[in-house]
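Asks: For reference, the sequence and a predicted model appear below.
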Amino acid sequence: MSSVLSAESAQAAADILHARGLVVLSIRRAGRRIGSRLLEGGSFFTKRAKAASVSLVTRQLATMLRAGLTLARALHALSKDGTDPVLSSSLKRVANEVSAGETFSGALAQHPGTFSTLYVNLVRAGEESGNLDAIMLQLAEYLDRVEDIKRRVKSAMAYPVFLIGFVILTSALIFLKIIPMMAAIYAKLGVDLPVLTQTVISVSNFLVSQLWVTAAVLICMVIAWKVLMRRKSGRLMLDTMMMRLPVVGGIITKVVMAKFLRTLGVLVESGLPIIESLRLSGGTAGSSVITHATERMVEMISRGSSLSAAFKDPDVFPEIVVQMVGTGEETGSLSEMLTEIAGYYDEQSATAIDTIASIIEPAMIVIVGGMIGFVVVATFMPIFTMGQALRRGSY
């Protein structure tokens, strides 16, 4: 039997089918036209539920289940909150599917735009162990920690991104409008221009005369970037370079490591097999470097290697991680050790983000001020020299 299923990835589609009790033989991507999607009531832009809303609903659901409410009743109650329409709509459908006899994880798996593969697998683990309320609470805490790190990163990057955008707009105005106007005035006056002014005017003339060529080059670069990022090797190369950058690379490494280890700890504690836990945590770490490393680790463990031995990759995992994993294996407290080391990296990354944010703001102001000041001085320098010449001639 063959069919078409909507999912965020091939792995997500397989999880949905497994939750329905089906055996998957093969999965391939089915192309869909925009027109058919619109006729079915969809939209060109896919709307997703807010991560903060999903975390809050997860925590509320855990509280309701502990209070003794049935799953279907709790889901119906939560779906009536219209704060996040996308999430409310998904919860309503999930509640109906659960009421009709579908498993909770199977119903969640049919909404990959709202509930991730990691979310679905943790819920499935909770169902199988009969400890769903505890798993939901653990999942809510995990989502809160991940969102906290995201907020810190976004907050640290907001001001530099704003300044970069301001510089681009200001530079476009200066080079495309102001400098050509001043160059025309200088040409009429026949003024001898300083070297700096000639350089700035030459750059402006090039940008004006080659505006469409420049735009086409930029568009081609964006397209090439998109194509490169769709390739596994391209993403791996970029992520490797990002993690090796001075200062910034260290922060990226800490953030990625914290998310990976925390996810792995949550999955191990939920009772999922270590191989499945590695695959899921590697796929959700947000770095192709970690994903590639976990693929190698899965192969090693499948051949009989220990988890601590599989972690021994000095180019990816620091020695402290290897030691903590080894200690966790020996003492039977692997999930606790993974959570502890993830907390360590959380604190390290938070401190590093706060430090770099306090440094980058004044540094960006100086750089932006210097760039704009240089262009303005170079543009108006002939006016200053003309004023000096006129004052000397009047004596």
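Replies: Structure's in. What do you need? Numbering: from 1, shown residues only.

Asks: from here on, contacts and neighbour counts on C-alpha atoms
Replies: OK.

Asks: Give me the below-cutoff pLDDT ranges for this protein.
Replies: Along the chain, segments meeting pLDDT under 70 span 1-47, 82, 384-395.

Asks: what about the residue lying closest to residue 104 once chain neighbours are set aside, which helix or strand?
Replies: The shortest distance from residue 104 to any non-neighbouring residue, by Cα to Cα, 6 or more residues apart in numbering, is to residue 98 (6.0 Å). Using DSSP states H and E, residue 98 sits in helix 85-99.

Asks: after that helix comes which helix or strand?
Replies: helix 104-109.

Asks: So which elements touch the helix or strand that comes right after that next one?
Replies: Of the helices and strands lying after helix 104-109 in sequence (DSSP H and E), the nearest is helix 117-129. Using 3 or more Cα pairs under 8 Å, 6 or more residues apart in numbering; DSSP states H and E, the elements in contact with helix 117-129 are helix 104-109, helix 132-173, helix 248-270, helix 274-283.

Asks: for these, which one ends up most surrounded?
Replies: The highest mean neighbour count among these, using mean count of other Cα atoms under 10 Å, belongs to helix 104-109: a mean of 25.

Asks: pretty sure residue 258 contacts residue 347?
Replies: No: counting by Cα atoms under 8 Å, residue 258 sits too far from residue 347 to count as a contact (9.3 Å).

Asks: in which helix or strand would I find the residue most central in space within the chain?
Replies: Nearest to the mean C-alpha position of the chain, by Cα atoms, centre = their mean, lies residue 286 at 6.4 Å. Counting by DSSP H and E, no helix or strand carries residue 286.

Asks: helices or strands next to the longest helix along the chain in the packing?
Replies: Taking DSSP state H as the criterion, the chain has its longest helix at helix 334-394. Applying 3+ Cα pairs under 8 Å, 6+ apart, one finds that helix 334-394 makes contact with helix 132-173, helix 195-209, helix 248-270, helix 319-331.

Asks: tell me the angle that helix makes with helix 132-173.
Replies: Orientation of helix 334-394 against helix 132-173 (axes from the mean of the first three to the mean of the last three Cα atoms, to 10 degrees) gives an angle of 10 degrees.

Asks: Make 814 the starting number, not 1.
Replies: Happy to do that; since the first residue is 814 now, the last one works out to helix 1147-1207.

Asks: which one is residue 1082 nearest to, not counting chain neighbours?
Replies: Computed as Cα to Cα, 6+ apart, the closest residue to residue 1082 that is not its neighbour in sequence is residue 1148, at 5.5 Å.

Asks: That neighbour - how many residues pack around it?
Replies: 22 (other Cα atoms under 10 Å).

Asks: And for residue 1043?
Replies: Neighbours of residue 1043 using other Cα under 10 Å come to 11.

Asks: And it, how far from residue 1029?
Replies: Separation of residue 1043 from residue 1029 (Cα to Cα, to the nearest Å) stands at 21 Å.

Asks: what's near enough to touch residue 1042?
Replies: residue 1048 (Cα atoms under 8 Å, 6 or more residues apart in numbering).

Asks: For whatever helix or strand residue 1048 lives in, give me every contacting residue.
Replies: Element membership for residue 1048 (DSSP H and E) is helix 1045-1056. Residues outside helix 1045-1056 that contact it (Cα under 8 Å, 6+ apart): 1041-1042, 1061-1063, 1065-1066, 1100-1102, 1105.

Asks: Skipping its backbone neighbours, what lies nearest residue 1078 in space?
Replies: Leaving aside its sequence neighbours, residue 1078 sits nearest to residue 1148 (Cα to Cα, 6+ apart; 4.4 Å).

Asks: just to revisit the earlier point, next, format the helices and strands packed on helix 930-942 as TSV and append distance to residue 907.
Replies: Listed next are these as TSV, based on distance: least, Cα to Cα, whole Å:
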stretch	distance to residue 907
helix 917-922	5
helix 945-986	16
helix 1061-1083	22
helix 1087-1096	23
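
Asks: quick one: which of those helices is nearest residue 1191?
Replies: For these, the distance to residue 1191 is smallest for helix 945-986, at 13.5 Å, taking Cα to Cα.

Asks: which other helices and strands contact the closest one?
Replies: helix 864-879, helix 930-942, helix 1061-1083, helix 1147-1207.

Asks: Same list (those helices) but as a markdown table, adding distance to residue 1128.
Replies: Formatted as a markdown table, the helices and strands packed on helix 945-986 follow (distance: least, Cα to Cα, whole Å):
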| stretch | distance to residue 1128 |
| --- | --- |
| helix 864-879 | 32 |
| helix 930-942 | 26 |
| helix 1061-1083 | 11 |
| helix 1147-1207 | 17 |
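
Asks: Check whether residue 1058 sits in a helix, strand or coil.
Replies: Following DSSP: H, G, I helix; E, B strand; the rest coil, residue 1058 is assigned to coil.

Asks: What is the neighbour count of it?
Replies: For residue 1058, using other Cα under 10 Å, the count is 13.

Asks: Over to residue 1020?
Replies: 17.

Asks: Would you confirm that it contacts residue 990?
Replies: No: assessed by Cα under 8 Å, residue 1020 is found out of contact with residue 990, at 10.9 Å.
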